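Asks: build me a model:
(4 chains)
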Amino acid sequence: MSDHETFRQETRAWLEGNCPQSMRSPILGEDDACWGGRGFVFKSDDQKLWLERMASRGWTTPTWPTAYGGGGLNKTEAKILKEEMRKIKARNPLNSFGISMLGPMLLKYASEEMKQQYLPDIVQGKIRWCQGYSEPGAGSDLASLQTKAEDKGDHYLVNGQKVWTSYADKADWIFCLVRTDFDAAKHLGISFLLFDMASEGVSTKPIKLISGNSPFCETFMDDVKVPKGQLVGEAGQGWTYAKYLLTHEREMISEMGSGAAKSVGEIAMELSPTSEGRLRDPILRGQIAAHEIDYASFVATVERVRDEAKAGGGVGAASSTLKYYGTELNKDRSELMLKVGGSDALEWEGQYSGEGKVARTWLRTKANSIEGGTSEVQLNIISKRILGLPSS
Amino acid sequence: MSDHETFRQETRAWLEGNCPQSMRSPILGEDDACWGGRGFVFKSDDQKLWLERMASRGWTTPTWPTAYGGGGLNKTEAKILKEEMRKIKARNPLNSFGISMLGPMLLKYASEEMKQQYLPDIVQGKIRWCQGYSEPGAGSDLASLQTKAEDKGDHYLVNGQKVWTSYADKADWIFCLVRTDFDAAKHLGISFLLFDMASEGVSTKPIKLISGNSPFCETFMDDVKVPKGQLVGEAGQGWTYAKYLLTHEREMISEMGSGAAKSVGEIAMELSPTSEGRLRDPILRGQIAAHEIDYASFVATVERVRDEAKAGGGVGAASSTLKYYGTELNKDRSELMLKVGGSDALEWEGQYSGEGKVARTWLRTKANSIEGGTSEVQLNIISKRILGLPSS
Amino acid sequence: MALVLNEEQQLLKDSAAGFLAEKATVEHLRALRDSRSETGYDADVWAETAEMGFTAMVVDEAYGGVGFGMVGAGVVAEEMGKNLSASPWFASSVVAADLINSMASDTQKEALLGPIVEGSNIVTLAVDEGGHHDPEGISARAEKTDGGYKLYGLKSFVPDAHVATQYLVVARTSGSAGDKSGLTVFLLDRGTQGLIVDQSIMADSRNWGRLTMEGVAVTSDAIIGSVDDAFTPLDKTLDKARVVIAAELLGISRACFADTMEYLKDRKQFGVAIGTFQALQHRAAHLFSDIELAHSSIIKALQAADADSPALATLASVAKAKACQVAELATNEAVQMFGGIGMTDECNVGFYMKRARIAQALYGDYNFHAGRYADLRGF
Amino acid sequence: MALVLNEEQQLLKDSAAGFLAEKATVEHLRALRDSRSETGYDADVWAETAEMGFTAMVVDEAYGGVGFGMVGAGVVAEEMGKNLSASPWFASSVVAADLINSMASDTQKEALLGPIVEGSNIVTLAVDEGGHHDPEGISARAEKTDGGYKLYGLKSFVPDAHVATQYLVVARTSGSAGDKSGLTVFLLDRGTQGLIVDQSIMADSRNWGRLTMEGVAVTSDAIIGSVDDAFTPLDKTLDKARVVIAAELLGISRACFADTMEYLKDRKQFGVAIGTFQALQHRAAHLFSDIELAHSSIIKALQAADADSPALATLASVAKAKACQVAELATNEAVQMFGGIGMTDECNVGFYMKRARIAQALYGDYNFHAGRYADLRGF
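Replies: Numbering: from 1, shown residues only, chains lettered A, B, ... in the order given. Purely as a prediction, here's the structure:
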């Protein structure tokens, strides 16, 4: 038996014995996920147990080195783990920006000491991180940030404001872009700081969205003291680290919705009038077919990009294509869901619609092509970096 | 009875008595139209008769002043004439760039002497005109033209090359943009000349298009002497006249196809498989409906723009909207016609397909959004002149 | 007829624009929503709306109307769309008023239209029963009894249901779901035994509700028009309603587009106004053209309604379909061009977007009308 | 299976690319067209194509094939698309070869496949009868006679008909148009009494023709596969053919896109390269993304074909539909971005566009496959 086959069988047996039954069904929404962190209240004992068991093997971060608490798996093993988890519908044990965004960047750029200090807590879900990138008025022009970090010898004194900080009101620590040099060129004066959200001078204010939810905050920094040891890499190199991190964020966002349990066509057949085994609205049927043809091609592209990356070569600019197309398709899917449901899908409150689940999800998707770099920014990246079209 | 009602009855009677029966059916293609000019060979006696009779009343140019041979009709009367001609399916007696493009500009900008000299021959179809605007390599940047006209006292000496000259090989005269001042700013050194295509030094070469036809030529001017009297208006003001003329060209092109005898839906019902009174391909049915909904809205817009112009205010930037949308719809219509006909529509030679009528028409429409100002140029105009968006 | 407003219609437009921009704006709607208003509209503004004569557009002059017809209603609806004005105007003063005006007996008109024009009664049409508009598919039924009828069934997506004083309920007196014949309109008073009215909270923060009829007993006097034959006149009123709601969608598109253009001119990124980016300029110019096309199709259909043209059905489907497509594009482009700000509740774009999707769904969405167009045109 | 080419497949791709870019380019096609070539392809190049092994992709090794399978055929087809290589390769070496390879008896394979691989015989499938692909709708009929069958009917849009040596004709041995059962494949030799072959000149300047069968007598030996049951194996071969033609469309899209990008970088207007205009950049970037999606769907479907996956039908419809949509966009964007030059016959864009529409129509256009996808997915 090949090593991989052995690994598969052992993994299957371990999952079978360790994944609680209640953790073998899809989550019902972001509220139902395990986010970890200092103040996190587990929804159930099973949720806590599942996190602990997976974290003990480092399988919350399967490919991270064991030296930092990770699983130390190679890519093939990690794929097998994922496949086996999928087979029993095992939930992701931990949702974490520490894992999906900060961690890969620290692994690549941080000092050994810093890795030792921060990575294990991310693996265990002990610290919940948030991202301090965007600032009011900056939008796509991320590098125009104005949050100031003055060098005060042993610490930086941070003043400024961030916006679109996901779950800042629930996070323990923030990874934050600051300007340490106002004389340097726009992209060169930026540094990358980590600090505790409980630090004196940090405050947050949730932003109410069109979906009625408030997953984002404004974050204010008023004379916040950040020890020098919490600077990642070198001062002035923050933009390089930030871009690397953004590539991972793009990947994550482009996959949102790609785990959708049911296709639009299936849902439509359940909800819409049908006639002789077909949707009664032939135009809707054509629209859904068009969407699903694109979606199937997109999923194949995600697969192909991974396979190509595995065969050598990084993700690189391909992530812009996936981010752009994936988020546009996700919006398209939501518009189709409105058409499928008709006026029923536009209810906002009430049990009938699960408190407006379809409508609120639809509105939420509108942000997909804005957050993590707008569609326009991705198209700019593609046209310049891949197609080599000239700048004006 | 109102004056207009009287006019309508008189017009109807005259048309009934004067329009030959064979001129009461749609033309079969550009070859079947009456173009006039010195060398024109009439397709039939009826065609000649119909031109002469209409020209004798000035009704080839119904709204032009009688002083220049026009019909002298007001807008309402002209509309009535058009309606009555449509009722009996009367053909346009004369296809002419002199009428649709040059004439309106001369009426606005030319000297009285010039009007007397050129307009009556246009009305009578005695002289066939072509347009010398585009130059090789200029494309949308029309004003970058390089054809040189040197002031030699009593004449200009013209040297240069034009391209996309419609039917230059069949035209008698050309209206031609030339550069008379190479030191002036780009738009200011341009003048507007008229000259005989039989002048020494003028030669033409047809351009073979993807449709297999050659309606356009390259036109070469090699030391062509053009008398000063053939300059329109003032030297250096050619760009102003050219732009005015372009507005009329845009209108003309935007209406191409709007006289389509049958809707796509009707044609599809004749050519495509149907089932219980509907097209058997429900996706095609949806695509045709989408096209026709847009087309009906477009036709209503053409009507509204005219009515608004009549109620005061010119055509102005609205012509860009019509040009842009009309040509895109015309291309869309042709793509749909391919879908309707399937492989039958892609035949290129042979009686079965009328020598590839559908395919060649389809290819011809691709030029609609290029000629007379590309769609991109129209969108630039709309965003700047109507929406007031800033230039970079 | 020229596809432009005449002088009177232009004055009406200016008057509606001025009144609504002061009294019934997005801000007013936001306040109603945040206070969880029980009525969902401002009673004083509604009374003023009636005083201004906006409630009298489609009613014959003999019954207190002002004779502006559907062109007038469309002009007002466009301004309502621009301001997202919350009121029972569309349900009562346009749809119910036109149905009564065109179907009811003289006695009924005499009794019903005055209070509608005055705004003292709010009447609403209950036609749909599921998520999709389908007047032929109605299955609510009216069973013949000794003294009249008993009604059973459900009605959903009923505008202003919980504030209405009377309901025009379409029910089946014969045939079965899918038949055009067999439909009859009944007038039900609020509070009639067996009639349960539930409010629905919809995405647009406006008034909607459901009716449940558990054997609602009415006499034959409650019938508007003739028994079994409601479909044709009902569909004509629906066609007019479709064009007027298309005009509201046009107003939404125009206002949302205007806000977006202003933002493109003001908002700076990378040191320049984002309106200088050609990719955005071209999308804006395309959207502008689309809005102009929708405008033309709507005014053409409104005029056809007033002229009682046989082309109304086709033109109404063109206008509603085009307006739906344009409103979807305009609101989606707005949130994308506004970026993060467009995602926040404090920005008006979300309000436009939510109301647009509701108005798109009402009386047939794009797909309904594109399919209907193809049927009407015989392909 | 990883969605990337393995080393052997990559070598095949490089070899095809090199060979075709030298021997069978758009320029060669233009020359064939302008000389009104009677055969429509270059016999020497065709012989070389066979020598290089490209004609042996889909045939079992036992019959002279090289075992590259459909992935191999797709790789070659993409390069043929890039060059618009004119040859009977697709009709004979892919479609006919696969049909025989999968349906014929050992004796038939022994007899037929060798000459196909050698390129000495050109065999083509005659399935369609009208403007639209519709294998179930076949009405050409084969009437049972004493010694065999007599065939009657018309076949149109037959690739390489007038240069073929043999025809695989699908005809109805029972049932009527619309039935899946009752179809049978017959092998007809060129020149058989009653078989009339007419060339059609199509927009792509490639080889097409019509067959008229006026009682073509054949013995039962002419039957490939079993009587009445051809639909299922035929549709499987068609699915493979659909993906391979999708790969050709991908090649066309890529070449056309590459030419366009080059033009955008070189062509100057208003003093700058037109590739600096953001509106064009965004359209180019979108198109690029679309081409990448088509690529992925095609390689996935090609692998499914070789793995004999039950998902082939769905994946084939996804791949063909996506390739059709992308090729239409790529060619239309090309002519628009090239402007006037793109309208001239001397520019290659027109050739790409014409061939693309033909390849789009062949074995089901976008609409056919979108509808088929919906049927297969049960909605």
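Asks: next, count neighbours for residue C:42.
Replies: By other C-beta atoms under 10 Å in any protein chain shown, the residues close to residue C:42 number 20. For every residue, glycine as well, the C-beta is placed using N, CA and C.
Asks: which residues of the stretch 151-300 of chain C lie near chain D?
Replies: Residues of the stretch 151-300 of chain C found near chain D (C-beta under 8 Å from any C-beta of the partner chain) are C:277-279, C:281-282.
Asks: want to try JSON lines for those, with distance to residue D:4, secondary structure and neighbour count as columns?
Replies: Shown next, in JSON lines, are these (distance: C-beta to C-beta, whole Å; DSSP: H, G, I helix; E, B strand; the rest coil; neighbours: other C-beta atoms under 10 Å in any protein chain shown):
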{"residue": "C:277", "distance to residue D:4": "36", "secondary structure": "coil", "neighbour count": "23"}
{"residue": "C:278", "distance to residue D:4": "37", "secondary structure": "helix", "neighbour count": "22"}
{"residue": "C:279", "distance to residue D:4": "33", "secondary structure": "helix", "neighbour count": "19"}
{"residue": "C:281", "distance to residue D:4": "40", "secondary structure": "helix", "neighbour count": "25"}
{"residue": "C:282", "distance to residue D:4": "36", "secondary structure": "helix", "neighbour count": "24"}
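Asks: now tabulate those in a markdown table and tack on pLDDT.
Replies: Below are these laid out as a markdown table (pLDDT from 0 to 100):
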| residue | pLDDT |
| --- | --- |
| C:277 | 96 |
| C:278 | 97 |
| C:279 | 98 |
| C:281 | 98 |
| C:282 | 98 |
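Asks: which one of these is nearest residue A:57?
Replies: Using C-beta to C-beta, residue C:279 comes nearest to residue A:57 of these, at 47.9 Å.
Asks: for the chain, just list every one of the helices.
Replies: Defaulting to chain A. With DSSP state H, the ranges of helices along chain A come out as A:3-18, A:45-56, A:75-87, A:97, A:103-109, A:112-124, A:238-254, A:264-271, A:282-310, A:318-341, A:357-365, A:375-381.
Asks: hmm, I had chain C in mind actually
Replies: With DSSP H as the criterion, chain C has helices spanning C:7-23, C:26-34, C:43-51, C:69-83, C:97-103, C:106-118, C:231-266, C:278-306, C:312-338, C:349-361, C:366-376.
Asks: who does the fourth one touch, helix- and strand-wise?
Replies: For helix C:69-83, the contact count by 3 or more C-beta pairs under 8 Å, 6 or more residues apart in numbering or on different chains; DSSP states H and E identifies helix C:7-23, helix C:231-266, helix C:278-306 as packing neighbours.
Asks: could I get the ones you listed as a markdown table with distance to residue A:120?
Replies: Below are these laid out as a markdown table (distance: least, C-beta to C-beta, whole Å):
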| stretch | distance to residue A:120 |
| --- | --- |
| helix C:7-23 | 60 |
| helix C:231-266 | 46 |
| helix C:278-306 | 45 |
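Asks: out of the ones you listed, the one nearest residue B:331 is which?
Replies: Each of these has some distance to residue B:331 by C-beta to C-beta; the shortest is helix C:278-306, at 14.5 Å.
Asks: show me chain A divided up by domain.
Replies: Domain segmentation of chain A under automatic domain parsing yields A:3-97, A:129-236, A:241-386.
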